[in-house]
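J.: Model the structure of this input:
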Amino acid sequence: MVSSTVNVVRYSALFGGIAYGFFHRRSLQADHDLHKLEHAVHERQRKKEAALDTTLVTDPEDPRFDLEKLIAKWEKSS
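T.: Residues are numbered from 1 along each chain as shown. Sure thing, here's the model as predicted:
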């Protein structure tokens, strides 16, 4: 039979590990959420800047159409 002191130590270690895991997971999740937010802001800003570039004509029937500019824009956006 195991003494009560050993049981107290075992359960204290168990609950301490669970608490550590819980708080460590929260800190990792907070860092991940912050990274996701920064990435989303960056992507939104990139799309906004791309939308402002309206000088590019994408209609091939338009006489101002330039295929090289269109391909360059596609390469830049990817």
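
J.: Regarding the protein, what is its longest helix?
T.: In the chain, taking DSSP state H as the definition, the longest helix is helix 4-52.

J.: now the angle from the helix or strand following that one to helix 4-52?
T.: If you walk from helix 4-52 toward the C-terminus, the next helix or strand you reach (DSSP states H and E) is helix 67-77. On the basis of axes from the mean of the first three to the mean of the last three C-alpha atoms, to 10 degrees, helix 67-77 is oriented at 160 degrees to helix 4-52.

J.: Could I get the buried residue list for the lowest-mean-pLDDT helix or strand in the chain?
T.: Each helix and strand of the chain was given a mean pLDDT (mean pLDDT, DSSP states H and E); the minimum falls on helix 67-77 at a mean of 84. Going by neighbour count (16 or more other C-beta atoms under 10 Å), nothing in helix 67-77 comes out as buried. Yep, even glycine has a C-beta here, placed from its N, CA and C like the rest.

J.: just use 39 as the starting number from now, easier for me
T.: Okay, using 39 as the starting number, the last item reads as helix 105-115.

J.: mind checking how far the residue nearest the centre of the chain is from residue 67?
T.: Centroid-nearest residue in the chain: residue 74, 2.7 Å away (criterion: C-alpha atoms, centre = their mean). To residue 67, residue 74 is 10 Å away according to C-beta to C-beta, to the nearest Å.
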